[in-house]
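> Have a look at this prediction, sequence included:
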Amino acid sequence: MRKFIGSTALALSLLGATALSAAAQDTLKIGYIDPLSGGGASIGQIGMNQLNFIADEVNARGGVNGKKVEIVGYDNQTNPQISLVQVQKAIDEGIQVIVQGNGSSVAVAVSDFVTKYNDRNPGANIVHLNYAAIDPVLTNEKCSYWHFTWDASADIKMEALTNFIKDQEDIKKVYLISQDYSFGHAVAGAAKRMLQEKRPDIEIVGDEFHPLVKITDFAPYVAKIQASGADTIVTGNWGQDLALLIKAAGQAGLDVDFYTFYAGGAGGPTAIKQANLENRVFQINEGINNQGYGPAEERAGALMKRFSDAPVYYPRMFNMMDMVFKAMEEAQSEDPGDFVPKLEDMKHASFAAGDEGFMRRDDHQFFQPLYISTLGPLDSGEKFDEEHTGWGWKMAASVPTESTLLPSSCEMKRP
Amino acid sequence: MLEIIFVSTLNGVLYGMLLFLMASGLTVIFSMMGVLNLAHASFYMLGAFFGFEISRRLGFWPALVIAPVLVGLIGMAVERYGLRRVHRHGHVAELLFTFGLTFVIKEVVEMVWGKLPADYRVPPALDFSAFTVFASSYPAFKLFVLLISVAIFLALLMVVRYTRIGLIVQAALSHPGMVGMLGHNVDRIFMLVFGVGVGLAAVAGVIAGPILVTQSNMAGLLGPILFVVVVVGGLGSLGGALVASLLIGLVQTFAVAFNVSLADLFGNTAVAAVLSVWLSDIWRVTVAQVAPILPYLLLVLILIFRPRGLMGTRDT
């Protein structure tokens, strides 16, 4: 029996190896390393859905340089150590393009690993495409030639958000509440610094850090916010930490406006609708559904129809993959060593409204127009609601690319 | 200040009572059958999703009754056809069985309802503010949750104290072997207790779902804290479970409200200067920041100083 299993395993692995090498010639494999199980799975799966959708689009056009695109998912459980094991696994399977986004702690680990791997193995040329981790260290102290990011960094978003807050005369007392890890501290630090500089009259009445994705009831925090007399909450919270905060605030009748980065993420709109916070929750991101831009509506509509039970997606992921495929075609190669130079300084009509953005050569940060929006009942003519709530995002302000340019301290080592 | 104390007490008691609804079943099952039901929080999740689905079709009130009954029946089936068979192979097998069950239930919930949070809302009849205190309104639904949990606690107490089955359950709590010797159908009692226990967890799910989040990872969020309640309260003691639940609810809620750190405590004394060097990592960490780990700290302390729990009646 054991012998039989052994020989079968051998035969299977041989078969697998030949199948792999045959497939390798006409497919372009892209590794997707994000949470596909555990608490982060709902977010990770949305990214995976969207990547598969984009791959199908490209394959229907005949692929990239004649090669079919295939997305290979690796579950990292939002854990930096597991991520590195998975990156190694992907590299061993011949993958050179790695897409990762959720969790700045994960992104920093992956970017470090990839950079060192390339140093030690000249010609390996692994590239890390980051669509969501926005801790500013990634494009400053820890920037890397092999890392590109398509979401605006926390500093950029906070700069734009505080420029908007600056002109809101009614805001007098701000409460900061953040998740207790590197990203949360980056957000709170930037908010404090920028608010003090732009509106010294605003009083910061709270600067709270709570544990990451461990709180089940935010009522105690809301009671504290209530007692502080705050009229505005600024938070970088995402996922359930934002949904539960909003829910608890709605239940206690907390009378404040929310300024967030991630209210549009999975579960956000549902919570806002439940709390009945009509046009009181603001988010800043790179695009919303009801911007009336034809190409975006068409593509987003097709994607949401295909994944109708989770109709959430990342506009920036369209930007990312469109640019990467374009760079590959310009370089006539799928080897990052060849196409990475094409990505640098590449200009791109951004997905949401077609305005131009660009990938800055100095720090590999993509600069793009940003939009501040609030969630409320749909007006006539607005097509898209969020998570089947009947409410949709409405534009409050748009920030042109030029106003998002922040300096970077990155000193990039080039091969 | 008074405002925070008042609201925190209410919130703490409410959270504590919700914990109690779940922990009461767990503690009775644990003490009687010796099975640490790792899947207990999963039945809480099932209760929330059943409640969501039924209240969408028939309304909240039918859901409040039907969902726990359904979950209770599922629990009985699990006990009758699963646990009882595994029982022969000892406690490790039982533990592994309930551990596996958590994954099965989670996967099933994800297959049926997806991974995104369900839009489970407070029923319109209870969607108003009960009273306003110091400018902060207290929702009627939360008050309702509080009342339900207190009512269930009282009912449970009556049943255990004054009915025949309650007496047998009580006897089985302290001397499980003896009860079987006396000729009672222990298997049937086990099945009943398991069903009622997970049914109570389901009640908690139905009423907590609209306040907290109804999502496929909700069992994982509350599971660990339930074991803390059972251990702190002590084996075989419903009263202990109640005290421990309230204690943990209040500790967690009040800890959040205060921004006191070691640095504030010692002020600018000479001792402080020395200590701050040695304890630099935790010197400025406030109580609010460590609030969620306090229950686990309590667990460790109890295990060191009073292993049988606050009101435990026996050691094993």
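Everything's here; your move. In this text, all values refer to a predicted model and were calculated from it rather than measured experimentally. Residues are numbered from 1 along each chain as shown, chains lettered A, B, ... in the order given.

> name the element the residue of the stretch 151-300 of chain B found nearest chain A belongs to?
Nearest to chain A, among the residues of the stretch 151-300 of chain B, is B:V256, at 3.8 Å (C-beta to the nearest C-beta). (C-beta placed from N, C-alpha, C; glycine too.) Secondary structure from DSSP states H and E places B:V256 in helix B:238-257.

> how about whatever residue of the stretch 301-415 of chain A ends up closest to chain B, what does it touch?
For the stretch 301-415 of chain A and chain B, the shortest gap (C-beta to the nearest C-beta) falls at A:D309, measuring 5.0 Å. A:D309 is in contact with B:114, B:116, counting by C-beta atoms under 8 Å, 6 or more residues apart in numbering or on different chains.

> 7 Å instead, please
Counting by C-beta atoms under 7 Å, 6 or more residues apart in numbering or on different chains, A:D309 touches B:G114.

> Just give the number of residues close to the closest residue to the residue of the stretch 151-300 of chain B closest to chain A other than its chain neighbours.
Leaving aside its chain neighbours, B:V256 sits nearest to A:P220 (3.8 Å; criterion: C-beta to C-beta, 6 or more residues apart in numbering or on different chains). Neighbourhood size, A:P220 [other C-beta atoms under 10 Å in any protein chain shown]: 25.

> same question, B:F52
22.

> hang on, it in a helix?
Yes - assignment of B:F52 by DSSP: H, G, I helix; E, B strand; the rest coil places it within a helix.

> Tell me which residue lies nearest the centroid of chain A.
Nearest to the geometric centre of chain A sits A:A132, at 2.2 Å (C-alpha atoms, centre = their mean).

> ok, that one touching A:G103?
No - contact criterion C-beta atoms under 7 Å: A:A132 and A:G103 do not qualify, at 8.3 Å.

> Need the contact partners of the host helix or strand of B:S276.
Following DSSP H and E, one finds B:S276 within helix B:270-278. With contact meaning C-beta under 7 Å, 6+ apart, helix B:270-278 is reached by B:263, B:266, B:283.

> ok so, going back, backbone phi and psi for the residue of the stretch 301-415 of chain A closest to chain B, please?
phi -80, psi -10 (degrees, to the nearest 10).

> and it, how far is that from A:I46?
A:D309 sits 11 Å away from A:I46, going by C-beta to C-beta, to the nearest Å.

> Would you mind getting the angle between the top helix by length along chain B and helix B:238-257?
Secondary structure assigned by DSSP state H gives helix B:2-33 as the longest helix of chain B. Interaxial angle of helix B:2-33 relative to helix B:238-257 (axes from the mean of the first three to the mean of the last three C-alpha atoms, to 10 degrees): 150 degrees.

> And the average pLDDT for helix B:2-33 is what?
Helix B:2-33 shows a mean pLDDT of 86.

> Tell me the buried residues in that helix?
B:4, B:7-8, B:10-33 (16 or more other C-beta atoms under 10 Å in any protein chain shown).

> sorry, back to before: what helix or strand is the residue nearest to the centre of chain A on?
Secondary structure assignment for A:A132, by DSSP H and E: no helix or strand.

> List the residues that contact it.
Contacts for A:A132 (C-beta under 7 Å, 6+ apart) come out as A:101-102, A:151.

> try it again with 8 Å
By C-beta under 8 Å, 6+ apart, A:A132 lies in contact with A:47, A:101-102, A:151, A:314, A:316.

> what's the answer for B:E3, then?
So B:E3 contacts A:223, A:226-227, B:133-136 (C-beta under 8 Å, 6+ apart).

> Show me which of those residues are buried.
Among the contacts of B:E3, those classed as buried by 16+ other C-beta under 10 Å are A:223, A:226-227, B:136.

> Among the contacts of B:E3, which one sits closest to A:G253?
Of all the contacts of B:E3, A:G253 sits closest to B:S136, with 6.7 Å by C-beta to C-beta.

> follow-up on the earlier one: list the residues that contact the nearest residue to the residue nearest to the centre of chain A once chain neighbours are set aside.
With sequence-adjacent residues excluded and distances taken as C-beta to C-beta, 6+ apart, A:A132 is closest to A:G101, at 3.1 Å. Residues in contact with A:G101, defined by C-beta under 8 Å, 6+ apart, are A:34, A:47, A:107, A:130-133, A:151, A:314.

> hmm, which two among those residues are most spread apart?
Spatial extent of these (C-beta to C-beta) is set by the pair A:A107 and A:Y314 at 14.6 Å.

> Which one's more surrounded, these two?
Shown here are A:A107 and A:Y314; by other C-beta under 10 Å, A:A107 has more neighbours (27 against 24).

> ok, that one - contacts?
By C-beta under 8 Å, 6+ apart, the contact list for A:A107 reads A:100-101, A:128, A:130, A:133, A:135, A:138.

> Secondary structure element holding it?
Using DSSP H and E, A:A107 sits within helix A:104-120.

> ditto for A:N289
Following DSSP H and E, one finds A:N289 outside all helices and strands.

> what's the answer for B:G47, then?
helix B:40-57.

> List the contacts of the spatially closest residue to A:L343 that is not a sequence neighbour.
Excluding the flanking residues, the one nearest A:L343 by C-beta to C-beta, 6+ apart is A:A327, at 4.6 Å. Shown in contact with A:A327 (C-beta under 8 Å, 6+ apart): A:339-340, A:342-343, A:346.

> And the pLDDT for the spatially closest residue to A:F53 that is not a sequence neighbour?
Distance criterion C-beta to C-beta, 6+ apart; nearest residue to A:F53, sequence neighbours excluded, is A:L303 at 5.0 Å. A:L303 is assigned 93 on the pLDDT scale.

> which residues of chain A score low on pLDDT?
A:1-25, A:38-39 (pLDDT under 70).

> And the strands in the stretch 101-250 of chain B, which stretches?
B:129-133, B:136-139 (DSSP state E, counting those that start in this stretch).

> So for stretch B:93-102, mean pLDDT?
93.

> Output that stretch as CSV - backbone C-alpha positions only.
Below are the C-alpha coordinates for stretch B:93-102, written out as CSV (Å, rounded to 0.1, in the frame of the first residue of the first chain):
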residue,chain,number,x,y,z
ALA,B,93,-12.1,13.0,20.9
GLU,B,94,-15.1,15.1,22.1
LEU,B,95,-12.9,18.2,22.2
LEU,B,96,-11.7,17.5,18.7
PHE,B,97,-15.3,16.9,17.6
THR,B,98,-16.6,20.2,18.8
PHE,B,99,-13.4,21.9,17.4
GLY,B,100,-14.2,20.4,14.0
LEU,B,101,-17.8,21.5,14.4
THR,B,102,-16.8,25.2,14.6
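
> That one near chain A at all?
No - no part of stretch B:93-102 sits near chain A under the criterion C-beta under 8 Å from any C-beta of the partner chain; the closest distance found is 12.8 Å.

> List the contacts of that stretch.
Residues from elsewhere that reach stretch B:93-102 (C-beta under 8 Å, 6+ apart): B:35-42, B:78, B:82-83, B:86-87, B:219, B:223.
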